[in-house]
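J.: Give the three-dimensional model of this entry:
(one chain, ligands or ions: 1)
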Amino acid sequence: MAPSSNVFNLATSSASQILSLESIRSVLQRLEDTIVFQLIERAQFARNAPMYYPGAFPELIEKEGWHASWVEWFLKETEGAHAKCRRWDAPDEYPFTKPDLLPKAILPPIKYPKLLYDHGINVNTDIYTHYRDVIVPTITSDDDDGQYGSSAVRDVETLAALSRRIHFGMFVSESKFRSDPQAFIEPIRKEDREKLEALITKPAVEQALLVRLREKARVYGQDLDKAVGSLATQGQGATAGTAAARPASSSGEKHKIDADDVVHIYQDFVIPMTKRVEVDYLIKRLDHLSPSQLAKIEAGEGYAEEA
Ligand SMILES: C=C(O[C@@H]1C=C(C(=O)O)C=C[C@H]1O)C(=O)O
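T.: Here you go, the predicted model:
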């Protein structure tokens, strides 16, 4: 029997279902898997630095009239196809490509529940810069293997996963605001970003995430054939039961990615960027309340949705 889908379906779930912190955190956990696997996929190729800088491919200028980098061109081409499928209408999807370079959707619009206020937030330029300058050099060999197509395919998928994960911070903020709106009123009015960041920060959640992530990177990044093979050569017939019952021997197992690198990517970038987005979203939240909503919050009656 197919496992029940716990896909986060913005089109069919209610606002209260979508904005439950438990449901949001389950999506963030699933995105850990996606991001670890995408990093592993990208790490199989060399850095291929020319792909990320303008002018490295004259053909791109001659044949496409494109003066930015190969990867940004590949992003535009890919995101353009997705625009025709109305991907960027979804409140959890943000393109790297400038909107005026994206075609109109072919399909009619989906009616999403009102979740986030019309915020205009998109931090993909910062995500791209950090990915180019820090993440790719960290997980790949500083070399050029000429695999500009395969590498760019993985880049686009990894960037999309990082972008969705980081922009999901806005759902976290909306959820936390609705749960205790009064706590946010004063720091928002004072534009106190430090206080807002302290309010949304949950150290125990972050620590548990990093422990879980390290284990995921270690397990997903293992070369199980070698691990299982080593069991077989140790005279223990390798069977499904054996492999399942006994985790791969830890000494000398080969990894497709360094678990420490994955943890640092989250600790030094993904989590801080998510919290920046959370604060960017909260700082303007009061501008999008009706006078009666604000009055109720100030009277201690909490947040009330209005049509
Ligand atoms: C995403 C949340 O907000 C903050 C950011 C976190 C993250 O980026 O992983 C984790 C906990 C909080 O510090 C949350 O509370 O779940």
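
J.: does the residue lying closest to Gln147 once chain neighbours are set aside count as helix, strand or coil?
T.: Nearest residue to Gln147, sequence neighbours excluded (Cβ to Cβ, 6 or more residues apart in numbering): Phe45, at 4.7 Å. Any C-beta I mention is one placed from the backbone N, CA and C, and that applies to glycine too. Under DSSP: H, G, I helix; E, B strand; the rest coil, the three-state class of Phe45 is coil.

J.: Hmm, Gly149 and Phe45 touching each other?
T.: No - the pair formed by Phe45 and Gly149 falls short of the contact definition of Cβ atoms under 8 Å, at 10.0 Å.

J.: and the stretch 51-200 of the chain, which residues reach the ligand?
T.: Val172, Ile200 (Cβ under 6 Å from any ligand atom).

J.: how many neighbours does the closest residue to the ligand within the stretch 51-200 of the chain have?
T.: Per Cβ to the nearest ligand atom, Val172 is where the stretch 51-200 of the chain lies closest to the ligand, at 4.3 Å. Val172: 22 surrounding residues under other Cβ atoms under 10 Å.

J.: So for Glu72, what's the pLDDT?
T.: On pLDDT, Glu72 comes in at 98.

J.: What separation is there between it and Glu79?
T.: Distance of Glu72 to Glu79, given as Cβ to Cβ, to the nearest Å: 10 Å.

J.: Need the residues touching each of the two.
T.: Phe96, Thr97 (Cβ atoms under 8 Å, 6 or more residues apart in numbering).

J.: So which helix or strand of this structure has the lowest pLDDT on average?
T.: In the chain, no helix or strand scores lower on mean pLDDT, DSSP states H and E than helix 240-245, which sits at a mean of 47.

J.: Can you point out the buried residues in the following helix or strand past that one?
T.: With elements assigned by DSSP states H and E, the helix or strand that comes after helix 240-245 is helix 259-265. For helix 259-265, burial by neighbour count (16 or more other Cβ atoms under 10 Å) applies to Ala259, Asp261, Val262, Val263, His264, Ile265.

J.: low pLDDT regions in this structure?
T.: Scanning the chain with the threshold set as pLDDT under 70 gives 1-8, 224-254.

J.: give me every residue that touches the residue of the stretch 51-200 of the chain closest to the ligand.
T.: Residues in contact with Val172 (Cβ under 8 Å, 6+ apart) are Leu21, Ile24, Ile200, Thr274, Glu278.

J.: can you give me the helices for the stretch 101-250 of the chain?
T.: Secondary structure of the stretch 101-250 of the chain (DSSP state H, counting those that start in this stretch): helices at 124-130, 136-139, 148-167, 169-179, 181-189, 193-200, 203-220, 224-233, 240-245.
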